[in-house]
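Visitor: sequence below, structure please.
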Amino acid sequence: MALFIALLRGINVGSTRKVPMADLRALCGELGFTQVESYIQSGNLVFTAPGKAAAVEDALEKALEKRFGFPVAVLVRTPAQWAEYVQGNPLLEASEKEPNRVMLALSKAPPKKDAVEKLRERATTERFEAAGDALWVHYAEGAGSSKLSPALWDRLVGSPVTARNWRTVQKLAELAGVSG
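Guide: Numbers count the residues shown, from 1 in each chain. Got it, this is the predicted structure:
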């Protein structure tokens, strides 16, 4: 059994694509995952499971679609990967001042080499940086005012992207026992 962190993309936003956290934790239990903890309603999980991250990701995606009737992109990372994100945050100063406006953005597949450049070309007040397989963005005016849609992110990065603010990144690190 290994410890994993999973991020579910695009659930519990608006009136559709509802996945109650109690149901999600129960589904994880049915898959044989243990020590399942969720954090807030946006689909953040920490759990132990047998196998590799890719297999866990695939199993969870299939189970979610079967149970809830719609596809959900799931990104699974190890605590070692999460530690790299926490320690490698290139926007640390902004993160400390405005933790809800700095986001860690992760994609299903490694980002295209020119993803940050292309995002910067379309930015108005957003600041972008890359660190390993992670993209970081500081929304100076808040993510809600950004004109960069999820579909644009996906297209420029090359695969589905999900983002979590710095506070959530830190909380998931804490739940996974990751030091930063």
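Visitor: domain ranges for this protein, per the record?
Guide: 2-77, 81-175 (automatic domain parsing).
Visitor: just send those back as CSV, with mean neighbour count too.
Guide: Placement of C-beta: from N, CA and C, glycine included. Listed next are the domains of the chain as CSV, based on neighbours: other Cβ atoms under 10 Å:
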stretch, mean neighbour count
domain 2-77, 17
domain 81-175, 17
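Visitor: let's have those domains in JSON lines, adding mean pLDDT.
Guide: Compiled in JSON lines, the domains of the chain are given as follows (pLDDT from 0 to 100):
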{"stretch": "domain 2-77", "mean pLDDT": "94"}
{"stretch": "domain 81-175", "mean pLDDT": "96"}
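Visitor: now do the helices in this structure.
Guide: Assigned by DSSP state H, the helices in the chain fall at 21-30, 53-68, 79-87, 92-97, 115-122, 150-157, 166-175.
Visitor: list of residues touching the second one?
Guide: Identification of contacts with helix 53-68 by Cβ atoms under 8 Å, 6 or more residues apart in numbering yields 4, 6, 8, 17-19, 23-24, 27-28, 30-31, 33, 49, 51, 71-78.
Visitor: in strands, which of those residues fall?
Guide: 4, 6, 8, 49, 74, 75, 76, 77 (DSSP state E).
Visitor: you'd agree the last one is up against residue 106?
Guide: Going back to what we said before, that points to residue 77. Yes: applying Cβ atoms under 8 Å as the test, residue 77 and residue 106 come out as touching, 7.3 Å apart.
Visitor: joint contacts of the two?
Guide: Common contacts of residue 77 and residue 106 (Cβ under 8 Å, 6+ apart): residue 7.
Visitor: just the endpoints, please. Distance across stretch 96-108?
Guide: 27 Å (Cα to Cα, to the nearest Å).
Visitor: what does stretch 13-24 give?
Guide: This stretch, stretch 13-24, spans 16 Å end to end (Cα to Cα).
Visitor: so who does residue 10 touch?
Guide: Shown in contact with residue 10 (Cβ under 8 Å, 6+ apart): 17, 72, 73, 150, 162.
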